[in-house]
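[1] Sharing a model that was predicted from the sequence below.
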Amino acid sequence: MVAVVGVEGNDRGNGVPVRSDWERAEAGALYGLPFADLMFQAQSVHRDNFDPNRVETASLLSIKTGGCPEDCGYCAQSAHYDTSLKATRLMDRADVVATAQRAKDAGATRFCMAAAWRGPKDRDLDQVCDMVTAVKGLGMETCVTLGMLTPKQAARLSEAGLDFYNHNVDTSPEFYDKIITTRTLQDRVDTLAHVRDAGIKVCSGGIIGMGERLEDRLGMLVLLANLPSHPQSVPINLWNEVTGVPVYDTAERPNPIALVRLIATARIMMPKSVVRLSAGRQYMTDELQALCFLAGANSIFIGDVLLTTKNPQRDRDASLLRRLGITSGLA
């Protein structure tokens, strides 16, 4: 049993209670509502807490690619699998800042930096902290994902001015051991606690389409919603096809309506969290993305590449948001 259940206190999402005591049966009941009723509830909660016609735009850069010692069965960057991905060293600060400036010029308001580590060494963390401070100097929000953190490392990132730390729970407690064996789910939950205690905002979500059941997707949402406080950002990723990893043999892309239902359920369960349509958008039609925005998704990654996989081109995103009347950093 993962020790995560907490109480959110008396905080309310503009009239909707913000709860940390969800049962999986409750999540299933929401998910299974008639589609119109589910969408109505989700859109109502969304309007109570956010501008329904605005989407956050973020950019993601791999600052250290490949060679990761973890055995995450979905990931091209694991050293355990032959994915033909070339490992790289940590990028230079100047190159990272230049990339962040280009992302800002393209319409991104948040810049996320990812390194394929089990956890950062102190000398590497010092370099990342310098990057964080420099990117903040451009007027952007900052986010990093570096693997597991100690309390001291989280405090160091907070001192550097980091806004968000990403550390996904990936899936349900029941399915977790089927895709990862080198890092426990409790390890992830502990890192999230260190991040919260350091005063950094939490970005945590998961991946669907790896061969998990509906019960696992709902279990992932319950796990996130029952953290001591809800993550400020909840990325929902469709698994990006990667050959050479174990998940390639079990993956099954979710039905589009199932994805919309999951987004709507996440919006209702975590009313004040930003819900991001993250990896896998290149598989989605414009119509599917529009339904996800209606269900409460209000953030996307922009740019042609997410770490090592494809992402929709900026012009396609700008055209879709313009046709939907949604404002963003994309002019």
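    Yes, it's here. Numbers count the residues shown, from 1 in each chain.

[2] tell me the mean pLDDT over the host helix or strand of Arg217?
    Per DSSP states H and E: Arg217 is located in helix 214-225. Per-residue pLDDT over helix 214-225 has a mean of 98.

[3] Need the contact partners of that helix.
    Identification of contacts with helix 214-225 by CB atoms under 8 Å, 6 or more residues apart in numbering yields 2, 4, 19-20, 22-24, 27-28, 31, 169-175, 204-206, 208, 230-231, 234, 258, 262, 265-266, 269-270. Bear in mind the C-beta positions are built from the backbone N, C-alpha and C, glycine included.

[4] Determine the next helix or strand in the C-terminal direction from that helix.
    The C-terminal neighbour of helix 214-225 among helices and strands, as given by DSSP H and E, is strand 233-238.

[5] Mean confidence (pLDDT) on that following strand, please.
    For strand 233-238, mean pLDDT is 96.

[6] quick one: what helix or strand has Val195 in it?
    Per DSSP H and E: helix 185-197 holds Val195.

[7] Show me what counts as buried in stretch 183-191.
    With burial defined by 16 or more other CB atoms under 10 Å, the residues of stretch 183-191 counted as buried are Arg183, Leu185, Asp187, Arg188, Val189, Asp190, Thr191.

[8] Format those residues as JSON lines; extra columns: pLDDT and distance to Met113.
    Shown next, in JSON lines, are those (pLDDT from 0 to 100; distance: CB to CB, whole Å):
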{"residue": "Arg183", "pLDDT": "93", "distance to Met113": "20"}
{"residue": "Leu185", "pLDDT": "97", "distance to Met113": "24"}
{"residue": "Asp187", "pLDDT": "96", "distance to Met113": "21"}
{"residue": "Arg188", "pLDDT": "96", "distance to Met113": "19"}
{"residue": "Val189", "pLDDT": "97", "distance to Met113": "23"}
{"residue": "Asp190", "pLDDT": "98", "distance to Met113": "22"}
{"residue": "Thr191", "pLDDT": "98", "distance to Met113": "17"}
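
[9] and which of the residues you listed is nearest to Gln289?
    Arg188 (28.2 Å; CB to CB).

[10] pretty sure that closest one contacts Val169?
    Yes: contact criterion CB atoms under 8 Å: Arg188 and Val169 qualify, at 5.6 Å.

[11] do you know how far the residue nearest to Ala160 when sequence neighbours are not counted is from Ala58?
    Counting by CB to CB, 6 or more residues apart in numbering, Ala160 lies nearest to Cys129, which is 3.7 Å off, once chain neighbours are set aside. Distance, Cys129 to Ala58, using CB to CB, to the nearest Å: 20 Å.

[12] go on, Leu259?
    Per CB to CB, Leu259 is found 20 Å from Ala58.

[13] Tell me which of Cys129 and Ala58 has more neighbours.
    Higher neighbour count among Cys129 and Ala58: Ala58, with 26 against 20, using other CB atoms under 10 Å.

[14] So what pairs up with that one in the strands?
    Arg110, Phe301 (DSSP bridges).

[15] And it, what's its pLDDT?
    For Ala58, the pLDDT comes out at 93.

[16] from now on call the first residue 38
    Taking 38 as the first residue, the last one we looked at is Ala95.

[17] what sits against it?
    Ala145, Thr146, Arg147, Phe148, Cys149, Glu178, Cys180, Arg313, Ser336, Ile337, Phe338, Ile339.

[18] tally of neighbours for the residue lying closest to the first one once chain neighbours are set aside?
    Nearest residue to Ala145, sequence neighbours excluded (CB to CB, 6+ apart): Ser96, at 3.8 Å. Using other CB under 10 Å, Ser96 has 25 neighbouring residues.

[19] these two touch, right, Ser96 and Gly340?
    Yes: between Ser96 and Gly340 there is a contact at 5.2 Å, judged by CB under 8 Å.

[20] Can you point out the buried residues in the helix or strand hosting the residue nearest to Ala197?
    Cys166 is part of helix 159-173 when elements are defined by DSSP H and E. Buried residues in helix 159-173, counted by 16+ other CB under 10 Å: Asp161, Leu162, Gln164, Val165, Cys166, Met168, Val169, Ala171, Val172, Lys173.
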